[in-house]
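> the sequence isn't on hand, but the structure is:
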């Protein structure tokens, strides 16, 4: 039987260093995936990328996170997740099953704060959200957020590290994250390089041949005598 290790008290410097490492790891998820695909010889296909993001949404949902939080976890806009849910029956069924799993293990709405919720809140903070907005996206009540902020040195260090790691393009510290409710703006990590499907490539090639033929016909026409 798995028995978690008992936590021991860390000094302030250790807490700060670990918080910075965690924030850096969260920010590097796309770089990690690109490196793994590079080991296979190139970029992922668009379908591969979509399936990978869907799997992350399912993982987040199984942790008891709502749709907005799952979108933040998987680094895609919330409206994209809703579109998948509406257009992909297999994904919709899996999402429902993941939510049922979370509910069966008492991880749904109103459940205690979990590391998964903290991860989403810290990610939202790093993308420019204020603490209240980040906590709301993660499903953490404002009362619980304030209580944890006062009592947990680790959470305070994570919040500080996330704010310090914000992209310089952020205009103000209270900006809403792109995946927050009522907002579908793309994030700095919302665009990834992918390899287009073979069908699209074939269509592009055919279009290129058509342009070439048109150009050839233009050159073969006799010019008017002056």
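Ah, there it is. Because the structure is a prediction, the values reported are computed rather than measured.
> pull up the gap between residue 139 and residue 116, please.
Going from residue 139 to residue 116 by C-beta to C-beta, to the nearest Å gives 9 Å. All C-beta atoms are positioned from the backbone trio N, CA, C, and that covers glycine.
> oh, I was asking about residue 141
Distance, residue 141 to residue 116, by C-beta to C-beta: 16 Å.
> give the residue from the two that has the larger number of neighbours.
The residue with more neighbours, out of residue 141 and residue 116, is residue 116; 21 against 12, by other C-beta atoms under 10 Å.
> number of residues surrounding the residue nearest to that one when sequence neighbours are not counted?
In this structure, residue 116 finds its nearest non-sequential neighbour in residue 63, 3.8 Å apart by C-beta to C-beta, 6 or more residues apart in numbering. For residue 63, the neighbour count with other C-beta under 10 Å is 22.
> wait, doesn't residue 63 sit right on residue 102?
Yes. Residue 63 lies in contact with residue 102 (C-beta atoms under 8 Å); the separation is 6.7 Å.
> state the mean pLDDT of the helix or strand hosting residue 83.
If you go by DSSP states H and E, residue 83 is part of helix 78-87. Throughout helix 78-87, pLDDT has a mean value of 97.
> what's the next secondary structure element after it?
Going down the chain from helix 78-87, the next helix or strand is helix 89-104, by DSSP H and E.
> for whichever helix or strand comes after that next one, buried residues please.
Sequence-wise, the next helix or strand downstream of helix 89-104 (DSSP H and E) is helix 115-126. By neighbour count on 16 or more other C-beta atoms under 10 Å, the buried set for helix 115-126 is 116, 117, 118, 119, 120, 121, 122, 123, 124, 125, 126.
> common neighbours of residue 139 and residue 116, please.
In terms of C-beta atoms under 8 Å, 6 or more residues apart in numbering, residue 139 and residue 116 are both contacted by the residues 64, 65.
> where do the helices sit along this protein?
12-27, 29-38, 46-62, 67-74, 78-87, 89-104, 115-126, 131-138, 142-151, 153-164, 198-220 (DSSP state H).
> in terms of mean pLDDT, which of these ranks lowest?
Looking at these, the weakest mean confidence is helix 198-220, a mean of 47.
> grab the most central residue of this structure for me.
Nearest to the mean C-alpha position of the chain, counting by C-alpha atoms, centre = their mean, stands residue 75 at 1.0 Å.
> go ahead and confirm that residue touches residue 53.
Yes. With contacts counted by C-beta under 8 Å, residue 75 reaches residue 53, the gap being 7.3 Å.
> which ones are touching residue 161?
16, 19, 20, 22, 23.
> quick one: which of those residues is nearest to residue 146?
Among those, residue 19 lies closest to residue 146 (C-beta to C-beta), at 19.1 Å.
> neighbours of residue 36, how many?
Number of residues near residue 36 (other C-beta under 10 Å) recorded here: 10.
> list the residues that contact the residue nearest to residue 116.
102, 107, 114, 116.
> residue 150 versus the last one, what's the distance?
Noted for residue 116: a distance of 22 Å to residue 150, by C-beta to C-beta.
> again with the first one
Distance of residue 102 to residue 150, given as C-beta to C-beta: 28 Å.
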